[in-house]
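The following comprises the amino acid sequence and a computationally predicted model.
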Amino acid sequence: MVGNHLLQHRELSATAIGVAAYIQSLPEGAPVGIRALVARFPEGEMRMSSALRELERHGYLERRTERLPTGRLATRTYSYNKPLSGPDEPPPPDREPVPDPDREPVPDPDREPVPEPTPDPDPVRRPAPDPEPRGSAGPEHAPRSVDPGAARLLTGLRRRDPRLLLAERDVQRLAPAVSAWLDRGADPEAVALALTTNLPEPMRSPASVLAYRLKALLPPHLPQGPAPSPIRRPDPFQTCDGCERAFRSPRPGRCRDCPPPASRAAA
């Protein structure tokens with residue numbers, strides 16, 4: 001199934017839309033480099049390269065250079081059925097193009113040449129909506145503190161739907177968005193219902209679905225309700241001094257049906 005957000009995209013060219021639909025129809029691991037696309041379609045190398053750059057710019061494609069266990073570098077292409085940015089958000093900013101193994105890089109006169117490693121053929125990998133960076137080179141990669149209430153809400157979603165069993169890194173990534181809901185006065189039960197009602201079938205990436213709902217359905221700041229009135233406890237039971245019946249009263253004595261003691265009546 002190809003979404004209308006792709007087929008009716010107003011800023012993508014017809015070539016880019018067709019290439020995206022073709023890539024989404026391929027199995028995981030199929031080659032989608034420039035050479036493979038030129039061999040499959042009549043368009044030339046320049047049009048295919050331009051189409052891939054369009055898809056990267058609008059969040060449907062991501063190409064990254066990764067190091068294989070053998071030590072070699074390979075360019076991996078990650079295809080997304082939905083763009084990384086939301087429907088009401090601007091597209092992600094242009095990034096530095098990743099070297100494509102199927103074509104020679106165009107030299108930039110303003111930059112000094114850098115030796116380029118020989119990558120492996122460019123396979124398509126699906127899905128990898130938001131891979132976490134590997135390694136930690138500084139304090140910016142230190143684990144973030146997570147709101148315990150938000151973390152408990154996210155880990156408890158599995159009781160409503162077993163598919164919502166989240167990884168630890170997904171809980172850490174989504175917890176700040178849940179905290180934003182709670183800070184705006186949303187009840188935890190209302191947050192859980194908004195995240196678990198009418199989930200898509202099938203659901204390939206539960207964390208991506210939750211991230212989209214937390215961002216798209218974020219409520220405004222909700223007014224605080226009236227302060228609850230203090231609960232008045234009933235008076236304790238007392239035993240009537242006259243008829244020995246039980247009645248409620250803050251102090252021991254006689255019930256309403258019994259006359260006061262003789263000494264008090266004479267006075």
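Right, received. Where do you want to start?

ok but Thr65 is inside a strand, no?
Yes. With DSSP: H, G, I helix; E, B strand; the rest coil as the criterion, Thr65 is assigned to a strand.

Would you confirm that it contacts Arg72?
No. With contact defined as Cβ atoms under 8 Å, Thr65 does not count as touching Arg72 (10.6 Å). For every residue, glycine as well, the C-beta is placed using N, CA and C.

now Pro234, nearest residue through space, not along the chain?
Among residues not flanking Pro234 along the chain, Arg248 sits closest, at 6.0 Å (Cβ to Cβ, 6 or more residues apart in numbering).

is the one you found in a bridge, and if so with what?
For Arg248, the beta-bridge assignment (DSSP bridges) gives partners Phe237.

Neighbours of it, how many?
Residues near Arg248, counting by other Cβ atoms under 10 Å, number 10.

I am assuming it contacts Asp235, so please confirm or correct that.
Yes. Assessed by Cβ under 8 Å, Arg248 is found in contact with Asp235 at 4.2 Å.

Beyond the top helix by length along the chain, next helix or strand please.
Counting residues, the longest helix found in the chain (DSSP state H) is helix 168-183. Sequence order places helix 188-196 as the next helix or strand after helix 168-183, per DSSP states H and E.

Could you list the buried residues of that next one?
Val191, Ala192, Ala194, Leu195, Thr196 (16 or more other Cβ atoms under 10 Å).

next one: stretch 207-224
Ala207, Ser208, Val209, Leu210, Ala211, Arg213, Leu214.

which residues of the stretch 51-200 of the chain score low on pLDDT?
84-144 (pLDDT under 70).

Do a quick rundown of the strands in it.
Secondary structure of the stretch 51-200 of the chain by DSSP state E, counting those that start in this stretch: the strands cover 61-67, 73-79, 124-125.

about what we covered before: and the buried residues of stretch 207-224 as CSV, adding pLDDT, secondary structure and distance to Leu7?
Formatted as CSV, the buried residues of stretch 207-224 follow (pLDDT from 0 to 100; DSSP: H, G, I helix; E, B strand; the rest coil; distance: Cβ to Cβ, whole Å):
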residue, pLDDT, secondary structure, distance to Leu7
Ala207, 91, helix, 26
Ser208, 92, helix, 21
Val209, 91, helix, 21
Leu210, 93, helix, 26
Ala211, 93, helix, 24
Arg213, 92, helix, 24
Leu214, 94, helix, 27
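
Pipe the residues you listed into JSON lines and attach distance to Gly253 per row.
What follows is these, written out as JSON lines (distance: Cβ to Cβ, whole Å):
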{"residue": "Ala207", "distance to Gly253": "67"}
{"residue": "Ser208", "distance to Gly253": "70"}
{"residue": "Val209", "distance to Gly253": "66"}
{"residue": "Leu210", "distance to Gly253": "62"}
{"residue": "Ala211", "distance to Gly253": "66"}
{"residue": "Arg213", "distance to Gly253": "62"}
{"residue": "Leu214", "distance to Gly253": "61"}
